[in-house]
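J.: mind folding the following:
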Amino acid sequence: MRPPLFVLMVSLLAASVPVLAMGSSPAPGKFKQTAPVINDVTIAYQFRTRIKTDPTCTRFASEADSAFLSSTLEDAQKALALKALGAQAAAAGCLLPE
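T.: Predicted coordinates:
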């Protein structure tokens, strides 16, 4: 019994299509992922993830973002500003528990 014409056509097509290079992954180390930098600024910024979404609390989120992304502040100044904002947010009841 002969295979159906469709099967023959598919097998011929598959044989004639060039095989994509299976080893086309990037060279080792080319896209090396590194861990994010952890310093006083990033540690002080962690409170930002716990800020409530209440309208009265959103100012702490925007001020923290501004301080963290500021290009005019040094890292020590950023850390101090973020710690102060975290303390203010906690005093205002705007932080979720850890």
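J.: for Gly93, what are its contacts?
T.: By CB atoms under 8 Å, 6 or more residues apart in numbering, the contact list for Gly93 is empty. In this view, the C-beta of every residue, glycine as well, is placed from N, C-alpha and C.
J.: for it, which three-state class applies?
T.: coil (DSSP: H, G, I helix; E, B strand; the rest coil).
J.: low-confidence ranges, the chain, go.
T.: Within the chain, the segments meeting pLDDT under 70 span 1-32.
J.: repeat that with 90
T.: Applying pLDDT under 90 to the chain flags the ranges 1-45, 98.
J.: can you give me the helices in it?
T.: In the chain, the helices defined using DSSP state H lie at 5-16, 40-45, 58-69, 75-91.
J.: next, count neighbours for Glu98.
T.: 7 (other CB atoms under 10 Å).
J.: just checking, it touches Phe47?
T.: No. Taking contacts as CB atoms under 8 Å, Glu98 lies outside contact range of Phe47: 9.4 Å.
J.: returning to what we had before: looking at the helices of the chain, which is closest to Gln33?
T.: Among these, the nearest to Gln33 by CB to CB is helix 40-45 (17.2 Å).
J.: flag every buried residue along the closest one.
T.: For helix 40-45, burial by neighbour count (16 or more other CB atoms under 10 Å) applies to 41, 44-45.
J.: now those residues in a markdown table, with distance to Asp65?
T.: Converted to a markdown table, the buried residues of helix 40-45 look like this (distance: CB to CB, whole Å):
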| residue | distance to Asp65 |
| --- | --- |
| Val41 | 13 |
| Ala44 | 13 |
| Tyr45 | 9 |
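J.: quick one: Asp75 from Thr34, how far?
T.: Here Asp75 is placed at a distance of 19 Å from Thr34 (CB to CB, to the nearest Å).
J.: those two: which has the busier surroundings?
T.: Neighbour count, other CB under 10 Å: between Asp75 and Thr34, Asp75 has more, with 12 against 5.
J.: quick check: closest non-adjacent residue to that one.
T.: Among residues not flanking Asp75 along the chain, Val41 sits closest, at 5.2 Å (CB to CB, 6 or more residues apart in numbering).
J.: quick one on the thing from earlier: would you tell me which of the helices of the chain gets closest to Ile51?
T.: Ile51 sits nearest to helix 58-69 of all the helices of the chain, at 4.8 Å, using CB to CB.
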